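1. Predicted model and sequence below, questions to follow.
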Amino acid sequence: MIKDIEFKANELLSSYCEAKNSSIKTPVDPIDVLEFKGFSVDYVNDKYALNIYGALQVDRKVVEVNADVKINEGMENFTIAHELGHIVLHVPKMDKNKMTECDFDSISNDNIVEKEADIFAACLLMPEPNVKEAFYQIRNSRLFLKDNFIFRLIGRGSKRKRALNFASKIIKQGNFKVSKYAMINRLIGLGLIKGLRYQKNNVNSKADKTIDV
Ligand SMILES: [Zn+2]
């Protein structure tokens, strides 16, 4: 399933880059990719609850970003790329007569559609070759995180803290515009970080809505 989604994200990136006559470069601008797909972004106020970051208006071909919520650039990029995931993976299969709502909150309830959109967003914003290039410029081998009290004693902190520090380095090295948690999860998914479970992304705990015609 993950490989299929990655394939679709790469396919979109390739056709986007081909149209732009360039190679896949970071940071990937999800708004530009969205426009390439014929959609646009609207920043809306006083429309959605504060736990909703983004919404997809399929009929108007608009992705709405909730401007009432203060999110950083990385999280905003992830929100837009997540909606792009719905556009590529789910809109073609939608029942046009039905209103569909989806939200990140259901992730814990095994909402497959939301998980798929998140995987798509991660693959789109952090293409494997670009992540690997940045990673191997910093390290020669995979990063094994061990919980070691000596690390704590010398102030290097918990595994989570070390992973966050490491994600910052990769983000800087590879010029990505994503949150540190998104990068940690991508590195885990690519097998480049071992010994740590997937981390809950702040974005992942918030909701979005997909509204069909
Ligand atoms: Zn969603």
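-> Right, received. Where do you want to start?
2. in this protein, which spans are helices?
-> 2-20, 30-36, 73-85, 112-125, 128-138, 149-153, 159-174, 180-189 (DSSP state H).
3. Pick the most deeply packed of the ones you listed.
-> helix 73-85 (a mean of 25; mean count of other C-beta atoms under 10 Å). Bear in mind the C-beta positions are built from the backbone N, C-alpha and C, glycine included.
4. Would you single out the least confident of the helices of the chain?
-> Lowest mean pLDDT within those: helix 149-153, a mean of 69.
5. Just tell me which of the helices of the chain ends up closest to the ion.
-> helix 112-125 (4.7 Å; C-beta to the ion).
6. what's the angle between that closest one and helix 2-20?
-> 50 degrees (axes from the mean of the first three to the mean of the last three C-alpha atoms, to 10 degrees).
7. could you give the angle of helix 112-125 to helix 128-138?
-> 60 degrees.
8. Which strands and helices lie in contact with helix 112-125?
-> On a contact count with 3 or more C-beta pairs under 8 Å, 6 or more residues apart in numbering; DSSP states H and E, helix 112-125 meets helix 2-20, helix 30-36, helix 73-85, helix 180-189.
9. Quickly list the domain ranges of the chain.
-> 2-126+202-211, 128-194 (automatic domain parsing).
10. so how far is the first one from its chain's centroid?
-> Once both centres are worked out by C-alpha atoms, centre = their mean, to the nearest Å, domain 2-126+202-211 turns out to sit 8 Å from its chain's centre.
11. hang on, isn't K200 packed against S179?
-> No - contact criterion C-beta atoms under 8 Å: K200 and S179 do not qualify, at 11.3 Å.
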